[in-house]
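*Asks:* Whatever this is, show me its structure:
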Amino acid sequence: MQRNELVVSGLIGDTDVIRFTPGGIPTLSFQLKHQSTQPEVGESVQVALDLMVLALGPVAQALALLPTGSTVLLKGYLTRKHRRSNQLVLRALQFKMLEEE
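*Replies:* Reported below is the predicted structural model:
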């Protein structure tokens, strides 16, 4: 079985307004701002990145209520932004609020 699973934490950044698919499913896209220190070959590597996130359904509705700057842990998978794009987005399936760091 092939796996595509991502767990990442960060701050909610720029957020679009909640939208709805033609079928009425709520969608929300936003930037997740991540900073961490990761171990690599006995050294510490500083990581800072912005990741595009897309959430659907109840997860989108719940995330839309959070203010910019909220710290969250997201679980989901990576996919293309759309069929003809090479830009990756995290499709968030679950989230948990974290204490401010």
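*Asks:* Please enumerate the helices of this protein.
*Replies:* Along the chain, counting by DSSP state H, helices occupy 57-64.
*Asks:* which residue is nearest the centroid of the chain?
*Replies:* Nearest to the mean C-alpha position of the chain, by C-alpha atoms, centre = their mean, lies residue 53 at 3.7 Å.
*Asks:* what bridges to it?
*Replies:* Under DSSP bridges, the beta-bridge partners of residue 53 are residue 30, residue 90.
*Asks:* Surely it touches residue 93?
*Replies:* No. The pair residue 53 / residue 93 is not scored as a contact, 10.9 Å apart, by C-beta atoms under 8 Å. Bear in mind the C-beta positions are built from the backbone N, C-alpha and C, glycine included.
*Asks:* residue ranges for the strands of the protein, please.
*Replies:* Assigned by DSSP state E, the strands in the chain fall at 6-15, 19-20, 26-40, 43-56, 71-80, 88-97.
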